[in-house]
Each structure stands twice: as structure tokens, then as C-alpha cells.
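# Requesting a structural model of the entry that follows:
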Amino acid sequence: MSIYETFGLRKVINASGKMTALGASAVSDTIAEAVRKATQDYVEIDELIEYAGTVIAEHTGAEDGCPTSCAAAGISISTAAVITGKNISLIERMPNSEGLKNEIIIQKGHQIHFGGSIEQMIRLGGGKVVEVGNANKVEAEHIEQAITDNTAAIFYVKSHHAVQKGMVSVEKMIEVANKYTIPFIIDAAAEEDFKKYIKLGVDIAIYSGGKALEGPTSGFICGKKELMEACRKQYKGVGRAMKVGKEGIAGLIVALNQYPLREDNAEEQIERMTNLCSLLNEVDGLKCSIKQDEAGRVIYRAQIEVNEKEAGIDAETLLHKLESGNPAIYLRHHYVNIGILSVDPRPLLEGQEQIIAKEIKRILAEVK
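This next block holds a predicted model:
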């Protein structure tokens, strides 16, 4: 029995992915032990934060880094940093940035809601969002024409939530930022390659510590040293309300050190999802196949196509029944509107794919 079940809460089977709403990741024993030990001892927090910055830098190729409570906090802290620098009087003013260089340029298709609003995270850091272009088409000229004497940064969102088609590329936006000597910030919360964007020349990159990294609830910022020093100083300002604890930093450090040692488990993913598909393809109205992640990551999901006429139920209703059960089963549902559900094998504990198949079969048998 899980600790959450002892609280009287439902058991959750997470086949959706590294989702914040479901607790992001289940950490390794090594990381869990680091968190436990950290909670039972003391440390000078400023020294720990600075040390974490060196570890972040080592694993990202950046000049320096800053730990955060999550990637969303990283957005607010990074925004405040480009507006205030290391000026303590300005830091203590945030998010009141009136009269300061505070405009943050973002493409319209990147104005997303990820469980929280990108714009709100920027505003919490004192930024004034300047939205450019259209929801499905932005030109580099839109960005250049939005630049004023008050532009503090150009912001890019790398996320499956964001519009993919018709947006200006990261590379082109970096080129524009460099042309006008404006800091470039990228929210790469769920990305797996922690070195990619630093190599491309971004000034600030923001990541989640609880998604691809599979660490505890945490996040980290990496980039230019001057800006990282400014980010760390925000803990005397808006960062105080979103501080990361000693246990979160300790777990983040251990997770970063473990990350280069991780093994590619593509074969295991494929085997587990193949077994799941073989079970579901026995059911009338279901067609299950294996699809690699659309962004090219080493993730192999089972894609379940629900034929409402043959199955006697549509994908959305099936999803609701799975989520409302006990255990509550959460599938990836980005394409539920066209009858497609997916199973992400990464967060599944041993044997849970069989439970998912059994529960889907039970639900469909009841509606026929």
C-alpha cells in the first residue's frame, strides 16, 4: 500500500507522463535517500544554493546555475533577474517594475497555459508581456518591430502545449536577440537535453527537476554567470515566496549527478507496450500500436484508437471512467477529441500495463 493510500486517497496509475498534476516523477532510491538525509540535517542555504549552481553548470555546460522550486518559479525568477540585475533595491520592488525596462517579448503561439499561465509567471517576476504575431504564424519581423528601449528579454517556450507550426525558430530568435543585445530566455521545462540550448547560445535556460531529470519537485536555471548571480539574488525578493528547500536542492544535485549514467530503456518500453497492445487488440473497437514521441525523444508510447461505434463508448468517456475509478488510471489524452488515447510507459510501475488492459476490458464489457 502506498503512503497516499494510507491517507485514504485513491491509488493512481500514471500512464500519462511526467505530469505535475500527478506528482511528476517517482524518484530512485538513491535520490529518495538523499532527500531523507537532507531533511534530517542542517546547512547554510546560501552556500547550498551556490554549490548547486556549480553542479548545474557542470551538467549543462553553462557558466553558472540556480536551483528553483520548479520550472514555473524559474520563469518568474529569470524575468525578475533580467529586469533588476543584482540591484537589491529593485529586487525588493518586484513585481512592481513601473518605470523600468520590463517588456518581455513572446510569440502569440507560445502564450500557453500549462496548469498555470506563462504570462502570469512572467508578471509575477515583474515582466510586462508583449505578444507578437498570430496564433499560427509569427515572422521574425514581428519580433524585431516589437523591440523598444523597454525590452528586457525575448522569451521562447519549448513545450508540446505551444503551437509548433508557423512559429519563429529558437535559432532565429537567438539571432534577433544577439542583433539587439537583448537577453534570450527559453522555458525548456520538460526537455531531456540539458546542454542543447546553452550550446545554441541562449542566455537563460529553464528546466524542471521533476520531469526528464526524474528528481524531486524542483527546477533549475542555467546560463550566463552575471544573470545566474542575479537569479540567486531574487531569493531576497520574489524568490522568497517560491523558495526551494534543502531537501529539494539535495535531491536535485543527486539527480543531476545520476543523469549522465542513465541507460536507454527503449527496448523495455517497446516490449511492455507491445504486450499491452497485444491485449487491447483482442477487443472489438480498439486498435493499439506503438508510436515514438512526436518530438523525437526516446519515448515509445502505446497509441489506442477507440472506434466508438464498435467499442460502444467514445474515447473521452473511456478516459473519464478510467480516471474516476480506484485505482485512478490516467492516460495521455492530447488527441482524445479525435478518439486517440496513449499510454506512456516511463512512469508505469512494474505490471501496471496489465492492470490498465484489464480495466479497459472491464469497462468496455460493461457498456456492451
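# Identify the residues contacting F194.
H59, T60, A205, Y207, L213, C222, Y259 (C-beta atoms under 8 Å, 6 or more residues apart in numbering). In short, each C-beta sits where N, CA and C put it, glycine included.
# where are the low-confidence patches of the chain?
Regions of the chain meeting the criterion pLDDT under 70 cover residues 295-296, 368.
# change it to 80
Across the chain, residues meeting the criterion (pLDDT under 80) sit at 1, 24, 160-161, 263-264, 294-297, 367-368.
# so where do the strands sit in this structure?
12-15, 64-68, 103-107, 128-132, 151-157, 184-187, 204-208, 219-223, 286-292, 300-306, 328-331, 340-343 (DSSP state E).
# now those strands in JSON lines, with mean neighbour count?
Formatted as JSON lines, the strands of the chain follow (neighbours: other C-beta atoms under 10 Å):
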{"stretch": "strand 12-15", "mean neighbour count": "22"}
{"stretch": "strand 64-68", "mean neighbour count": "29"}
{"stretch": "strand 103-107", "mean neighbour count": "25"}
{"stretch": "strand 128-132", "mean neighbour count": "19"}
{"stretch": "strand 151-157", "mean neighbour count": "25"}
{"stretch": "strand 184-187", "mean neighbour count": "28"}
{"stretch": "strand 204-208", "mean neighbour count": "29"}
{"stretch": "strand 219-223", "mean neighbour count": "30"}
{"stretch": "strand 286-292", "mean neighbour count": "17"}
{"stretch": "strand 300-306", "mean neighbour count": "23"}
{"stretch": "strand 328-331", "mean neighbour count": "21"}
{"stretch": "strand 340-343", "mean neighbour count": "24"}
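# which stretch among the ones you listed comes nearest K86?
Among those, the nearest to K86 by C-beta to C-beta is strand 64-68 (12.6 Å).
# Mind exporting the C-alpha coordinates of the closest one to PDB?
Output of strand 64-68 as PDB, limited to C-alpha atoms (Å, rounded to 0.1, in the frame of the first residue of the first chain):
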ATOM      1  CA  ASP A  64      26.500  29.100 -13.800                       C
ATOM      2  CA  GLY A  65      23.200  27.900 -12.400                       C
ATOM      3  CA  CYS A  66      20.400  28.500  -9.900                       C
ATOM      4  CA  PRO A  67      18.100  25.900  -8.300                       C
ATOM      5  CA  THR A  68      14.400  26.600  -8.000                       C
END
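# Can you pull out the residues in contact with that strand?
49, 52-57, 74, 77, 206, 209, 218-225, 228-229, 231-232, 239, 242, 244, 248-249, 252.
# how many neighbours does G339 have?
For G339, the neighbour count with other C-beta atoms under 10 Å is 17.
# returning to that earlier point: what is the nearest of the contacts of F194 to L331?
Using C-beta to C-beta, the contacts of F194 come closest to L331 at L213, 23.2 Å.
# Buried subset of the contacts of strand 64-68 as a PyMOL selection?
Remark: buried members of the contacts of strand 64-68, expressed as a PyMOL selection using 16 or more other C-beta atoms under 10 Å:
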select buried, resi 49+52+53+55+56+57+74+77+206+209+218+219+220+221+222+223+224+228+229+231+232+239+242+244+248+249+252
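# With V27 as the reference, measure out to E58.
20 Å (C-beta to C-beta, to the nearest Å).
# circling back to that earlier point, out of the strands of the chain, flag the one nearest I363.
Across these, closest to I363 is strand 328-331 (C-beta to C-beta), at 9.9 Å.
# For that closest one, C-alpha coordinates in CSV please.
C-alpha atoms of strand 328-331 as CSV (Å, rounded to 0.1, in the frame of the first residue of the first chain):
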residue,chain,number,x,y,z
ALA,A,328,-7.5,6.0,-10.9
ILE,A,329,-5.8,5.4,-14.2
TYR,A,330,-4.6,8.5,-16.1
LEU,A,331,-3.7,8.1,-19.8
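# Report all helices and strands that it contacts.
Applying 3 or more C-beta pairs under 8 Å, 6 or more residues apart in numbering; DSSP states H and E, we find strand 328-331 packed against strand 12-15, helix 315-323, strand 340-343, helix 352-367.
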